[in-house]
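Visitor: Fold the following, please.
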Amino acid sequence: MQNQDHLRHQHHPRCGWALSHADKPFYVDYHDTEWGVPVHDDRHFFEMLILEGAQAGLSWLTILARRDTYRAAYDNFDVNKVAAYDAAKQEALLADPGIIRNKLKVAASIQNAQTFIAIQKEFGSFDSYIWSFVGGMPVINHWKKMSDVPVSTDLSDKISKDLKKRGMKFVGTTIIYSFLQATGIVMDHTKDCYRYAELS
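Guide: A predicted model of the protein is given here:
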């Protein structure tokens, strides 16, 4: 079905970043089906937080190409399991060629899982917490071209600051802005992209 969708949409105008790797169906499919779509699932939020943090200093293509191996390594991003990872599990992750083997990022993923659970307990869900920053409604932007899209905003500054205060790592404002775009809290498809009309 995804291949049929890809064929049906392959000539649609898209955001410049998706066209930059038009030869990678999984990358284009991510743009077409997931990026900018509002998320309300805590497991998905946790996955994107870990993947966006892993991206720091790297390209999104590098991370997205490893998404399946990340899911396998991280128990499908079950936050309770990740929060309980011990030293032996950390060593196993650092030996796994399917993920980014960075000691600080791996340690942060476990600490972030523990903070994520604390947020869930305080707010009832991470979903309730994160959407409260935008009053429960996505921020719909109307950028003409890719160069208009910012790398951070006052909103990402505010959320980044709050997450850091709560103990999360690898949640700088640029990482958080990417996270907001990825989870549809901010809709940043450019006006010349076919998804802009569908999501705005």
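Visitor: need the contact list for L104.
Guide: Residues near L104 by CB atoms under 8 Å, 6 or more residues apart in numbering: K169, F170. All C-beta spots, glycine's among them, are computed from the backbone N, C-alpha and C.
Visitor: Which helix or strand contains it?
Guide: Assigned by DSSP states H and E, L104 belongs to helix 103-123.
Visitor: average pLDDT across the helix or strand just after that helix?
Guide: Next along the chain after helix 103-123, taking DSSP H and E as the criterion, comes helix 126-131. Average pLDDT, helix 126-131: 98.
Visitor: by contact count, what packs against helix 126-131?
Guide: Contact here means 3 or more CB pairs under 8 Å, 6 or more residues apart in numbering; DSSP states H and E; on that basis helix 126-131 packs against helix 42-55, helix 103-123.
Visitor: In terms of secondary structure, what does the helix or strand following the first one contact?
Guide: Translated: helix 42-55. From helix 42-55 onward toward the C-terminus, using DSSP H and E, the following helix or strand is helix 60-64. On a contact count with 3+ CB pairs under 8 Å, 6+ apart, helix 60-64 meets helix 25-33, helix 42-55.
Visitor: Okay, the residue nearest the centre of the chain and P13: tell me how far apart.
Guide: Nearest to the geometric centre of the chain sits M48, at 3.2 Å (CA atoms, centre = their mean). As judged by CB to CB, to the nearest Å, M48 and P13 stand 25 Å apart.
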